[in-house]
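**Q** structure for the following, please:
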Amino acid sequence: MIYIECSSKDAAFHFSIEELFARYIRKDEPVLMLWQTEKTVMLGSNQAVEAEVDLTFALESSIQIVRRSSGGGAIYTDPGTVLYTVIQPLSGETRDVREEVASSVIAALHQIGVPAVREGRNDILVEGKKVSGFAQYTSGKHVCTHGSLLYDTDLDVLTSVLVANEKKLRPKGIASIRSRVINIKPYMSQNLTVNEFINELKSTLTNGKDYTIYEFNTEDNEMISRIYNEKYANREWNMRM
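**A** Sure, this is the predicted structure:
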């Protein structure tokens, strides 16, 4: 396994790293990255920004809007959220990879003491409320699976910036976005900071595996910069209606 350490909290930068490995470097072994962002709304690849985001609130609250390459719904992340990325060769079905990653994350949460369970295709819940959602995209014979963990996220901001899809919530008997989500931190036996939680998560996800920390070279950095400027930091990509 390859582990990527990166202190940046720019979602566009991390999505650029994902694309570097998924589309260009394409390692034979899995690549794992745990990361954080500043206040950010992440849109699915085909979503219309105005239908998903309260743009006035986002502007007033200095919330970045970034579009990812995977599908799925819009999510809110901030420094209290932990993001995870797994990139690996695709030898079978993408759903098998999705199941493998979800099982690994749930097992890691159980080991830390969080009673997480799987629901549906893309969600992880604790006591009936969502703490994680994940999505995928493929590139040739590689697949990128990424998701978020609400550890100590500002759920009031999350509720304010995301536009509720009543057609999705109402059939499930859910009154609002806020009533559907919950943070992991209250379920921890120890009062860990976000960075301490990341270290625990890294320890459990890499337990029993040989891993190396990837060192970016000049060519890598140039490619990341190109992807970043042409795509994930490009307003035309992020704000299309």
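
**Q** T77 touches W35, doesn't it?
**A** No. Using C-beta atoms under 8 Å as the test, T77 is too far from W35 to be in contact (9.6 Å). All C-beta spots, glycine's among them, are computed from the backbone N, C-alpha and C.

**Q** which residues are common contacts for those two?
**A** The overlap between the contact sets of T77 and W35 (C-beta atoms under 8 Å, 6 or more residues apart in numbering) consists of L83.

**Q** can you give me the strands for the protein?
**A** Counting by DSSP state E, the chain has strands at residues 2-4, 31-35, 40-43, 64-67, 75-77, 81-89, 116-119, 123-126, 129-139, 142-150, 212-213.

**Q** neighbouring contacts of the fifth one?
**A** This points to strand 75-77. Counting by C-beta under 8 Å, 6+ apart, 11, 36-37, 39-42, 63, 83, 133, 148, 153, 157-158, 161-162 sit against strand 75-77.

**Q** which pLDDT value belongs to L90?
**A** The per-residue pLDDT reported for L90 equals 89.

**Q** and the gap between it and H14?
**A** 21 Å (C-beta to C-beta, to the nearest Å).

**Q** who has more neighbours out of those two?
**A** The residue with more neighbours, out of L90 and H14, is H14; 25 against 16, by other C-beta atoms under 10 Å.

**Q** how about the residue positioned nearest the centre of the chain: what's its closest non-neighbour residue?
**A** Taking C-alpha atoms, centre = their mean, the centroid of the chain lies closest to G147, which sits 3.0 Å from it. Excluding its sequence neighbours, the residue lying closest to G147 (C-beta to C-beta, 6 or more residues apart in numbering) is F134, at 2.9 Å.

**Q** now swap in I25 and tell me
**A** Nearest residue to I25 in three dimensions, chain neighbours excluded: D220, at 7.6 Å (C-beta to C-beta, 6+ apart).

**Q** go on, M223?
**A** The shortest distance from M223 to any non-neighbouring residue, by C-beta to C-beta, 6+ apart, is to L20 (5.6 Å).

**Q** looking at the contacts of strand 75-77, spot the one nearest S179.
**A** L158 (11.9 Å; C-beta to C-beta).

**Q** next one: the closest one from L34, what distance?
**A** Counting by C-beta to C-beta, the gap from L158 to L34 is 20 Å.

**Q** go on, E93?
**A** From E93 to L34 the distance is 25 Å (C-beta to C-beta).

**Q** when these two are compared, which one has more neighbours?
**A** Neighbour count, other C-beta under 10 Å: between E93 and L34, L34 has more, with 19 against 10.

**Q** before we move on, the earlier item: ok, the contacts of strand 75-77 vs P186, which is closest?
**A** After measuring those against P186 - C-beta to C-beta - the closest member comes out as T153, at 12.1 Å.

**Q** now do the contacts for that closest one.
**A** Applying C-beta under 8 Å, 6+ apart to T153 gives the contacts Y76, T77, D78, G80, T81, N183.
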